[in-house]
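Q: coordinates only, sequence not included:
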């Protein structure tokens with residue numbers, strides 16, 4: 001199993017966007033004594049994304065935010081969903097930045113891509129390579 005991981009400058013806003021706008025569920029959220037997120041695990045089905053705050057740690061030395069890379073990513077997240085058209089409408093109605101509209105894909109199914117407020121790219125589609 002692969003679980004992508006990233007960092008956010010504003011983990012609270014990220015969790016709100018991921019769960020509210022993109023419809024993920026907060027499987028687990030770990031907080032420090034002051035209540036700040038130190039690790040979060042939003043999910044879609046059996047898929048999960050782990051994230052934490054942008055902090056000075058040995059691991060963070062190997063990561064860069066999209067804003068530090070001219071808005072580009074080296075890896076994106078693809079989420080298999082049964083309700084891709086509904087999720088597209090939900091994200092669009094919430095004002096999310098849709099970078100690729102909902103459309104049929106040559107490998108099958110349909111998908112769309114959205115950029116979160118910190119520049120990370122998520123693609124939602126109903127093509128399941130394991131089906």
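A: Done, it's in. Just so we're clear, the structure is a prediction, and the values are computed from it rather than from any experiment.

Q: all strands of this structure, in order?
A: 5-8, 25-31, 37-44, 47-48, 50-53, 77-80, 97-104, 110-115, 121-125 (DSSP state E).

Q: got TSV for those, with mean pLDDT too?
A: As requested, the strands of the chain are arranged in TSV below (pLDDT from 0 to 100):
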stretch	mean pLDDT
strand 5-8	94
strand 25-31	97
strand 37-44	97
strand 47-48	94
strand 50-53	95
strand 77-80	95
strand 97-104	98
strand 110-115	98
strand 121-125	97
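
Q: now those in JSON lines, with mean neighbour count and distance to residue 19?
A: Placement of C-beta: from N, CA and C, glycine included. Formatted as JSON lines, these follow (neighbours: other CB atoms under 10 Å; distance: least, CB to CB, whole Å):
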{"stretch": "strand 5-8", "mean neighbour count": "18", "distance to residue 19": "13"}
{"stretch": "strand 25-31", "mean neighbour count": "12", "distance to residue 19": "6"}
{"stretch": "strand 37-44", "mean neighbour count": "18", "distance to residue 19": "6"}
{"stretch": "strand 47-48", "mean neighbour count": "18", "distance to residue 19": "13"}
{"stretch": "strand 50-53", "mean neighbour count": "18", "distance to residue 19": "12"}
{"stretch": "strand 77-80", "mean neighbour count": "18", "distance to residue 19": "13"}
{"stretch": "strand 97-104", "mean neighbour count": "12", "distance to residue 19": "17"}
{"stretch": "strand 110-115", "mean neighbour count": "20", "distance to residue 19": "14"}
{"stretch": "strand 121-125", "mean neighbour count": "21", "distance to residue 19": "13"}
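
Q: okay, those in CSV with distance to residue 60 next?
A: Putting these into CSV (distance: least, CB to CB, whole Å) gives the following:
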stretch, distance to residue 60
strand 5-8, 6
strand 25-31, 17
strand 37-44, 13
strand 47-48, 20
strand 50-53, 9
strand 77-80, 19
strand 97-104, 25
strand 110-115, 21
strand 121-125, 20
